[in-house]
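K.L.:
Would you be able to build a 3D model of this:
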Amino acid sequence: MFGLFNGTVKRVHFFASKLKWSRWPEVTIVPNQQTETLCRALVAHYEKFGGVPLLSVFDRPTTIEHEWKKDGTVTQWNQTFAQVMLELGVAIELCWPARGQEKGAVENLVKWVKGSFFKQRRFMDDEDMLQQLAEWHVEIQTKVSCRETGVTPEARMAEERKRLRPVKVSSENLALRIQVFVGPTAFALHDTRLYSMPPGALNMPGTLFLFRDRVRIVAGKHVAEHPRLVEPHTKSVLPDHRTEHVAAVSGTRGKRYLKRQQILDIGDPALWYLTEITHRRPRDWIGEVDRLHALLQQHGPELLRGAFDHAVAAETFGAEYVAHYLRRAQTPASVTTIPEAAELPL
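P.N.:
Next comes the predicted model:
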């Protein structure tokens, strides 16, 4: 926790690490204590160190281990974390209460960061905190002599960097490997978010490679790459997968209802719109579904959701109206001179 100038207190999470010989420290503010956050912060610190050591010592959070014996032997590692360390080529050693020197070193690092930075300062906001943290790094790394060595960390850092090995993967390109399963609807589920896969991957185990901004899923010979979803309980469907899913369904009736479901997956605006279409054009709703599905393939779910919102608000129901709103959304406002009603079909 840190104090603000207005007298309030805010809780923050930070990840701290320090090289043993030079005492070079690094501290990063992180959003949480999840495995992904730990892995990315750790690799970022290795990059700032200028390389990776042979061994890294950690406390015993559940983001690293799940189960252990009474003597401290780990019986079940966090597989995602273990895979990252294997890829980096770094051995892991965990503190145990019986090993006071190791346990104390890790705990003292945390107390030192709290005592020498957070408790000594006040901040206007998060941006001010990050600015002061950057200035503090310069001070403790290059100006303040370490009590144990008698010199600044910078004085020993050049020598210690010679012992470090190159970082094999950058924090930006780090991909966490997570085991997933492609279900009977050809979607892989990760952290409440669904990602589409080709129909041939149905009911197959796979591996999800989690990057900062995207995911890559491999299931057998099938590979799919999606932008990473941010909002929970959302779904990403690639246009090619929509076409393949429809083609894989046998029978006209089955294809029709799958197209309808893919439109409904857009959200409530699609549900409201199709409900009105069914009542207002009961003899033509099948053709409407085909036309709307073609617009979905052409423009994607986000634009189509906005067009549905406009159509429902204006009570204009029909694929031709939706196409109009889509055209208008893609036309720069500066060249749109024809009144909206003039473009609407009669």
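
K.L.:
which residues in the stretch 101-250 of the chain form strands?
P.N.:
With DSSP state E, counting those that start in this stretch as the criterion, the stretch 101-250 of the chain has strands at 122-123, 176-182, 187-190, 193-196, 204-210, 214-219, 222-227, 235-236.

K.L.:
from the ones you listed, which stretch is densest packed?
P.N.:
For the strands of the stretch 101-250 of the chain, the stretch with the most neighbours on average is strand 193-196, a mean of 23; neighbours defined as mean count of other C-beta atoms under 10 Å. Backbone N, C-alpha and C define where each C-beta goes, glycine included.

K.L.:
mind checking which helix or strand of this protein has the lowest mean pLDDT?
P.N.:
Considering only helices and strands, the least confidently modelled element of the chain by mean pLDDT, DSSP states H and E is helix 340-343, at a mean of 39.

K.L.:
would you list the strands of the stretch 101-250 of the chain in CSV and tack on mean pLDDT and distance to L295?
P.N.:
Putting those into CSV (pLDDT from 0 to 100; distance: least, C-beta to C-beta, whole Å) gives the following:
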stretch, mean pLDDT, distance to L295
strand 122-123, 88, 50
strand 176-182, 94, 28
strand 187-190, 94, 22
strand 193-196, 96, 19
strand 204-210, 96, 30
strand 214-219, 97, 26
strand 222-227, 96, 21
strand 235-236, 92, 18
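
K.L.:
which stretch among those strands comes nearest Q141?
P.N.:
Proximity to Q141, assessed across those by C-beta to C-beta, is greatest for strand 122-123 (20.6 Å).

K.L.:
strand partners of that closest one, parallel vs antiparallel please.
P.N.:
The sheet places strand 122-123 alongside strand 2-4 (parallel), with pairing taken from DSSP bridges.

K.L.:
which element follows the partner strand toward the C-terminus?
P.N.:
Past strand 2-4, heading to the C-terminal end, the next element that is a helix or strand (DSSP states H and E) is strand 9-10.

K.L.:
Determine how far stretch 18-26 lies from the middle of the whole chain.
P.N.:
For stretch 18-26, the gap between its own C-alpha mean and the chain's C-alpha mean amounts to 29 Å (C-alpha atoms, centre = their mean, to the nearest Å).

K.L.:
In CSV, list the C-alpha atoms belonging to that stretch.
P.N.:
In CSV, the C-alpha atoms belonging to stretch 18-26 read as follows (Å, rounded to 0.1, in the frame of the first residue of the first chain):
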residue,chain,number,x,y,z
LYS,A,18,17.8,-8.6,-7.0
LEU,A,19,21.0,-10.1,-8.4
LYS,A,20,23.1,-11.8,-5.6
TRP,A,21,26.6,-10.6,-6.3
SER,A,22,26.1,-7.0,-7.6
ARG,A,23,22.9,-6.4,-5.5
TRP,A,24,21.3,-4.8,-8.5
PRO,A,25,17.6,-4.4,-7.8
GLU,A,26,14.6,-4.2,-10.1
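
K.L.:
hmm, who's touching that stretch?
P.N.:
Taking C-beta atoms under 8 Å, 6 or more residues apart in numbering as the criterion, the residues outside stretch 18-26 that touch it are 16-17, 45, 48-49, 53, 109, 113, 137, 140-141, 146, 148-149, 153-154, 156-157, 159-160, 163.

K.L.:
Can you tell me which of those residues are buried?
P.N.:
Neighbour counting with 16 or more other C-beta atoms under 10 Å marks 16-17, 45, 49, 53, 109, 113, 140-141, 146, 153, 156-157, 160 as buried within the contacts of stretch 18-26.

K.L.:
Nearest to R283, out of these: which one, please.
P.N.:
If you rank those by distance to R283 using C-beta to C-beta, H45 comes first, at 65.7 Å.

K.L.:
confidence score at that closest one?
P.N.:
pLDDT recorded at H45 is 97.

K.L.:
Once you drop chain neighbours, what's closest to S170?
P.N.:
Counting by C-beta to C-beta, 6 or more residues apart in numbering, E47 is the residue found nearest to S170 once chain neighbours are left out, at 6.6 Å.

K.L.:
what about that neighbour, is that helix, strand or coil?
P.N.:
Classification of E47 into helix, strand or coil gives helix, according to DSSP: H, G, I helix; E, B strand; the rest coil.

K.L.:
which residues sit in contact with it?
P.N.:
V167, S170, S171.

K.L.:
For stretch 23-38, measure first residue to last.
P.N.:
When the termini of stretch 23-38 are compared using C-alpha to C-alpha, to the nearest Å, they are 21 Å apart.
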